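Colleague: The following comprises the amino acid sequence and a computationally predicted model.
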Amino acid sequence: MEPIIKTRNTEVVYNLGKKNEFKAISDFSIDIYPGEFVSLFGPSGCGKSTIFYAILGVLKPSTGELIVKGENPYAFSPAEMVSYQAKTIGIIYQAFFLIPSLSVIDNVALPQTFMGTPYPKRRKRAQELLDRFGVGSKSDTYPALLSGGQSQRVSVARAMVNNPDILLADEPTGNLDSKSSDQVMEYLKELSERDKKTVVMITHNAAQLHYCHRVFYMKDGRLLRVVPNPDKPQIAKFDKQKVLVTEIEILSKIYPYSQPEELKVKSIINYLTQDLDFLQLDRLEKATAKMLMRKVSRDTFYEYLKVPILKGGVGLPEDRAAAMSDKIEQILKQSEDVRRYRRRMNVGVFFNREEKLINDILFYVMEEAGISLTREKKMRLKQLVRDRVSGLIRKEEMEEILKRSLDKKGLDFKPDQVFKVVSYFEKLLTQGVDTTNKS
Ligand code: ADP
C-alpha cells in the first residue's frame, strides 16, 4: 500500500533568505497510510502546525519531498491547487473559524461553492452532515449562538462537505470542555473507522492518543519517534522488530516529553522502589541514569546510595543499597543478551548462538521467579520467551498463555508466578531495547 502522505528529509524554513530566517522543520520523514488516524504530538513550537501548512499547500518546503496522493502539491497549477485544497483536504481548527455573518448551514455549504455545486444541492449535503454530527437543528442559526462543542461539530461538517480523503485536525478539542471533547473525538474516530478517512490530528493532550493508530512525537522541528498504539490493529506495515511494545511505550504516554533514556531510568526506578521520598527518588534517578549509561561502576553506585541525605546522597541503609546495586547490575548484564538477540534478529544472522541466548534469558527469568519446571513446561516457556523477545506477541498475550491450562497449550502458572515472570522479563526487554533508533 502506498502512503497517502509522504515526506522525505523535508525541511521547512520561514523567511527564507531573510535576516530573520528560521528553520522550523528539519529532516522530517514520515509515511501516513490511507485510513490511518495519526497524531503529531509534542510541545508548543515544535513545528506541528508548520507541517499542517506544508501539507495544505500554503508553505512550500525548502528541501526534501512532500507527496500527497502521489503528487507534489507545489507543482499544481493555481486551479489544481484550489481543487486540492477543497477536495483532497478538510481542515478543523481549534478556534473553529466559522464565518459569523453566514448561517450555520451556509458556513458548511460554502466550500462547495468553489467546486461549482448548485445551491440546493449544497444545502442538502450540508444539512445531511449537520444531522450526522448532531447539530441538524442549528442550521438556520448563526455561529455566535452556538456552544463550543456545537461550533466544532459544525466545523467537522464543513471539513467533510467535499468528502475529502484527508482530514487535518489542529487541536480540535483545545477549546472544549471534556464532554464536548469526547463527542468530537468520537466523531473523528467514526470518520476514520467508518468512512476510512485519513485523520491527522495535532494534540497536546496525551489522554487522546489512544484514538490514534500511531503517534509521531516531535521536538524542535524534528521527528523524535513513532509509536504504534498497541491497542489498535495497525494499518501501516511494520518491521516486527519495531512493534515490540515495552513499558517504554506505555511510559511514553505518561511522560510524553521524556527522552527514551529518561524513560528507561523511570522504568527501573519504579521497579526498585515504591517507598522513597522525592528527594531520594530524584537522586536515585540521577545515579541510576549514570549506571544505565555505564558511566559509573556498581561499587561507585552502591557507595553513593549509602551516603546520608544531608551529605547529598540517597541515604539508604547498607543492605538495601547493596540489594539495589546488585539487582541493577544483574538486569543490565542480563539485558545484554536481549540486546544481542535482537541485533542478530535485525540483521538476520541466526546460528546456534541464538539458541544459547534464548536459553540464557529463559534461565534468568526462571531463576528470578524462583520456579523450576518440567521439561514440557520449560519448552513452552522457552517458546514464549522467544516470541516475546522477537516482538511476535505482546505482554498481555504472554500473560494469557502463562495463565492458560496445560491442556490448552498454556503453562498453568499461578497469578503470582505470572506476575514475577512477566515483570522481570519486561525489565530485561526494556533495558535491552536499542533506543538509539528513532522508531
Ligand atoms: P507548533 O504548532 O508545534 O506549536 P509551529 O509549527 O507553530 O509549532 O512553530 C514552529 C516554530 O516555527 C516555532 O519556533 C515558531 O516560533 C516558528 N514560526 C511559526 N510561524 C512562523 C512564522 N510565520 N515566521 C517565523 N517563525 C515562525
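Modeller: Nice, thanks for sending it over.
Colleague: how's the protein carved up into domains?
Modeller: The chain resolves into domains spanning 5-237, 262-432 when parsed by automatic domain parsing.
Colleague: need the ones you listed in a markdown table with mean pLDDT and mean neighbour count, can you?
Modeller: In short, each C-beta sits where N, CA and C put it, glycine included. Below are the domains of the chain laid out as a markdown table (pLDDT from 0 to 100; neighbours: other Cβ atoms under 10 Å):
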| stretch | mean pLDDT | mean neighbour count |
| --- | --- | --- |
| domain 5-237 | 93 | 18 |
| domain 262-432 | 86 | 16 |
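Colleague: want to try JSON lines for those, with distance to the ligand as columns?
Modeller: Shown next, in JSON lines, are the domains of the chain (distance: least, Cβ to the nearest ligand atom, whole Å):
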{"stretch": "domain 5-237", "distance to the ligand": "3"}
{"stretch": "domain 262-432", "distance to the ligand": "21"}
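Colleague: For stretch 169-188, which outside residues touch it?
Modeller: Outside stretch 169-188, the residues that touch it by Cβ atoms under 8 Å, 6 or more residues apart in numbering are 37, 48-49, 52, 91-96, 133-134, 147-149, 152-153, 155-156, 167, 199-205, 208, 211.
Colleague: now do stretch 57-64
Modeller: Residues from elsewhere that reach stretch 57-64, judged by Cβ under 8 Å, 6+ apart: 7-13, 16, 25, 27-29, 50, 53-54, 73-74, 76, 81, 84-85, 89.
Colleague: Which of these fall in strands?
Modeller: Among the contacts of stretch 57-64, the ones falling in strands (DSSP state E) are 7, 8, 9, 10, 11, 12, 13, 25, 27, 28, 29, 89.
Colleague: contacting residues around residue 97?
Modeller: Taking Cβ under 8 Å, 6+ apart, we find residue 97 in contact with residue 155.
Colleague: quick one, strands of the protein?
Modeller: 5-14, 22-32, 37-41, 63-68, 89-93, 166-170, 198-203, 214-219, 222-228.
Colleague: of those strands, which approaches residue 399 most closely?
Modeller: Among the strands of the chain, strand 222-228 comes nearest to residue 399, with 19.9 Å by Cβ to Cβ.
Colleague: Which strands and helices lie in contact with the closest one?
Modeller: Judged by 3 or more Cβ pairs under 8 Å, 6 or more residues apart in numbering; DSSP states H and E, strand 222-228 is in contact with strand 22-32, strand 214-219, helix 247-254.
Colleague: can you do 7 Å?
Modeller: In terms of contacts (3 or more Cβ pairs under 7 Å, 6 or more residues apart in numbering; DSSP states H and E), strand 222-228 is packed against strand 22-32, strand 214-219.
Colleague: how big is the angle separating the longest one from strand 222-228?
Modeller: This points to strand 22-32. Put simply, strand 22-32 runs at 20 degrees to strand 222-228, going by axes from the mean of the first three to the mean of the last three Cα atoms, to 10 degrees.
Colleague: go on, the shortest one?
Modeller: Going by the same axes, to 10 degrees, strand 214-219 is angled at 160 degrees with respect to strand 222-228.
Colleague: neighbouring contacts of strand 214-219?
Modeller: 30, 36, 38-43, 46-48, 209, 223-229, 236 (Cβ atoms under 7 Å, 6 or more residues apart in numbering).
Colleague: let's see 6 Å
Modeller: 38-42, 46-47, 209, 224-228 (Cβ atoms under 6 Å, 6 or more residues apart in numbering).
Colleague: Now do stretch 22-36: everything it contacts.
Modeller: Contacts for stretch 22-36 (Cβ under 6 Å, 6+ apart): 1, 3-14, 38, 47, 50, 196, 198, 213, 221-223, 235-236.
Colleague: who does residue 222 bridge with?
Modeller: residue 219 (DSSP bridges).
Colleague: Give me the pLDDT for residue 433.
Modeller: What the model reports as pLDDT for residue 433 is 76.
Colleague: Ignore what I typed, I meant residue 242.
Modeller: Note on residue 242: pLDDT of 53.
Colleague: now do the one 3 residues further on
Modeller: We note a pLDDT of 58 for residue 245 in this prediction.
Colleague: Numbering from 219 from now on, please.
Modeller: Yes, from this point I'll number from 219; that puts the last item at residue 463.
Colleague: Restricting to C-alpha, output stretch 577-593 in PDB.
Modeller: Extracted in PDB, the C-alpha atoms of stretch 577-593 (Å, rounded to 0.1, in the frame of the first residue of the first chain):
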ATOM      1  CA  ASN A 577      18.300 -20.400  26.900                       C
ATOM      2  CA  ASP A 578      20.200 -17.900  28.900                       C
ATOM      3  CA  ILE A 579      17.300 -15.400  29.000                       C
ATOM      4  CA  LEU A 580      14.900 -18.300  29.900                       C
ATOM      5  CA  PHE A 581      17.300 -19.200  32.800                       C
ATOM      6  CA  TYR A 582      17.400 -15.700  34.200                       C
ATOM      7  CA  VAL A 583      13.600 -15.400  34.100                       C
ATOM      8  CA  MET A 584      13.100 -18.700  35.800                       C
ATOM      9  CA  GLU A 585      15.700 -18.100  38.500                       C
ATOM     10  CA  GLU A 586      14.300 -14.600  39.200                       C
ATOM     11  CA  ALA A 587      10.800 -16.000  39.500                       C
ATOM     12  CA  GLY A 588      12.100 -18.900  41.700                       C
ATOM     13  CA  ILE A 589      10.500 -21.600  39.600                       C
ATOM     14  CA  SER A 590      11.600 -25.000  38.400                       C
ATOM     15  CA  LEU A 591       9.700 -26.600  35.600                       C
ATOM     16  CA  THR A 592       9.100 -29.900  33.900                       C
ATOM     17  CA  ARG A 593      10.700 -30.400  30.600                       C
END
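Colleague: Using TSV, please lay out the strands of the chain together with distance to residue 332.
Modeller: Formatted as TSV, these follow (distance: least, Cβ to Cβ, whole Å):
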stretch	distance to residue 332
strand 223-232	22
strand 240-250	25
strand 255-259	27
strand 281-286	18
strand 307-311	13
strand 384-388	17
strand 416-421	21
strand 432-437	30
strand 440-446	33
